[in-house]
Every structure is written in C-alpha cells, then in structure tokens.
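Undergrad: Build me a model:
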Amino acid sequence: MISFEFLLRNIPNDYTYKRNYLDKNAKEIEVLYLGNSHILYGINPVFSKYKSFNCAHGSQSLNYDFAILNKYKKQWKKLKLIVVPVNYNSMYSSIEDGIEKWRVKNYTLYFDLKSFEIRNNFEILNGKLLKNIVRLKSFYHNKRSDISCNKLGYGTAFNSKDGKDLEETGKEAASNHTKKTENNVSLPKNEKALKSIIKFAKDKKMKVIFITCPAYKTYTDRLEPQQLKNTISYVKSLVSKNKNTYYYNLLDYPSFEASDFFDADHLNEIGSKKFTLIMDSIIQKV
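TA: Predicted coordinates for the structure are as follows:
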C-alpha cells in the first residue's frame, strides 16, 4: 500500500504542473485566471497579449480559488488582475459538498492546502482501484502522464473533433447544475470566498473581473430562472460596493455558435480562442 501510494503520487498531473509553474513564475504573472472547467477549457493564454496563466481545474470551487490566490500572496509581484468565473452553479455548489469531493485530495497533496480529513491525504483512498492501476500502467509502462494542459494551463482535452451532442449534454448539465437554493450549505462558504478574493485584491491594489462564461442555448434555455437571477444579482451587488471589481455576463454572448462548443456548457479549442480574445478586450477596457 505504501509503494502503491508513492507511485501514484509521483505521476505528473495538472495540479503538480500548475503548482510547479506558480512556484517558479508567480512573480511574473499579470493576469490570473481561476475557476472550474468552464475556464480550464475556455481560456487559452497562448492567444492573450497579457502575461497570463490559467489556474482553473475541474470542479474547482470559489474557496479553492481564494486558497490558491492566498498561497502565493508574497509572490504576486506583477499581478494586476484576477479573473474569477461566477456561473449558474457557482454560488450553490462546492467540491466538498458534491459528487466530486474526491478532488479535494489534489489540493491537499499537490498544492499543500491542508485538510484534516484523512481520506484527503491519500491517493489510495480516492478513486477506484482499477482506475488507479490503469494510471500506474499508463505512466510507468507507456510513459503517459496525467498532464492534460498546455504550458500556460489551458486544458486541451475538449477538442472539436470529439464534440458531444449539444442537446443531450445541455439537458444533463442543466439538471446537474440546478441546486436547492433554500438553506444551501455551500452558499455561505462561497459568499465568504468571493468577499475574501475582493479584499485580497483591494489590499494588494489589484482588480477583479467576475465573469459568467458562455454556454450553448440547449443549456441556457433549461436553467432555473430564480437560481440564475440570485447568482447574477449577488455578484452585481458586490461589484456595486467595491470599486476594484467588474462583472461581465457572457452567458448568451452572440459571438458564440454551435461549432465553438465541445458540449453544451464547455468550449472547444475554437471557442476558447474566441473567448480568450474577448477577455483580452475586456481587460484592456478595465
């Protein structure tokens, strides 16, 4: 078991890559993108004219956005702008409270963000045994790591040639992202995280752009109106009270079409280039 754990931890992955990149380059970054898969597969800094980095991960919730930002508080020498997505489900979900809570171990093991829950400190206590055996064989025999991002953190897995059915994925994603809004356990945690990000930026004389990412109509047409309204209203209220913050809602942005999407709520490499250039124009205004 000790050997198994050791071997699993030594497989390079997106978390180790991004942690190592920030360890070496945080002091040079001007624009930092945080967030979940909508940014991971949506922003490709290769196409940006700014010195930027994509530090998003799948299902990364707002509390981990702040934790990463705060971890490098002494290294952000040139950081001027933080981009944080606030999407339909952002306020009402978090890794710890969802079906992907196994991802917490990635922040504990590879970002040194402490967790007092035992399972979060071990690879072998997360994921299925067979899948971990496949990972070991893939790396140690076939020399394939778990790194799936490019040099600036953009996720390369969602390619247009492998695109999914937009109707089916829209229905499924909208259902999965619709949460109970009354007495929601994640809401206070996410409100605290957003306020912490704003205060951090204010203290460091940085600006924050909150963004609602683009999605296809088969997803947006199925969103529960009150949950969406609550989310957008809350972000707007924060922005109205903090001069260092801005909000842009690109959920139904007309420039995006079906060919830009991998599935109904994630962009492919075509759409990500378009999104990155749009963000560059927004950053220039800010």
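Undergrad: Following the helix or strand hosting residue 130 in sequence, what is the next regular element?
TA: Applying DSSP states H and E as the criterion places residue 130 in helix 129-140. Using DSSP H and E, the helix or strand that follows helix 129-140 in sequence is helix 166-177.
Undergrad: Helices of the stretch 1-150 of the chain, start to end?
TA: According to DSSP state H, counting those that start in this stretch, the stretch 1-150 of the chain carries its helices in the segments 2-9, 14-25, 37-40, 62-71, 104-110, 129-140.
Undergrad: With respect to residue 221, which of the ones you listed lies nearest?
TA: Nearest to residue 221, of all those, is helix 37-40, at 17.5 Å by Cβ to Cβ. Every residue, glycine included, has its C-beta placed from N, CA and C.
Undergrad: coming back round to it: format the helices of the stretch 1-150 of the chain as CSV; extra columns: mean neighbour count and distance to residue 239.
TA: As requested, the helices of the stretch 1-150 of the chain are arranged in CSV below (neighbours: other Cβ atoms under 10 Å; distance: least, Cβ to Cβ, whole Å):
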stretch, mean neighbour count, distance to residue 239
helix 2-9, 13, 41
helix 14-25, 17, 27
helix 37-40, 25, 19
helix 62-71, 21, 15
helix 104-110, 21, 28
helix 129-140, 13, 42
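Undergrad: on that earlier part again, now the helix holding residue 130 against helix 2-9, angle please.
TA: Computed by axes from the mean of the first three to the mean of the last three Cα atoms, to 10 degrees, the angle separating helix 129-140 from helix 2-9 equals 60 degrees.
Undergrad: roughly how far is helix 129-140 from the heart of the chain?
TA: Offset of helix 129-140 from its chain centre (Cα atoms, centre = their mean, to the nearest Å): 25 Å.
Undergrad: picking up where we left off before, make JSON lines out of the helices of the stretch 1-150 of the chain and add distance to residue 188 and mean pLDDT.
TA: Putting the helices of the stretch 1-150 of the chain into JSON lines (distance: least, Cβ to Cβ, whole Å; pLDDT from 0 to 100) gives the following:
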{"stretch": "helix 2-9", "distance to residue 188": "33", "mean pLDDT": "97"}
{"stretch": "helix 14-25", "distance to residue 188": "26", "mean pLDDT": "98"}
{"stretch": "helix 37-40", "distance to residue 188": "23", "mean pLDDT": "98"}
{"stretch": "helix 62-71", "distance to residue 188": "11", "mean pLDDT": "98"}
{"stretch": "helix 104-110", "distance to residue 188": "18", "mean pLDDT": "98"}
{"stretch": "helix 129-140", "distance to residue 188": "34", "mean pLDDT": "95"}
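Undergrad: I'm done for today, thanks for sticking with me.
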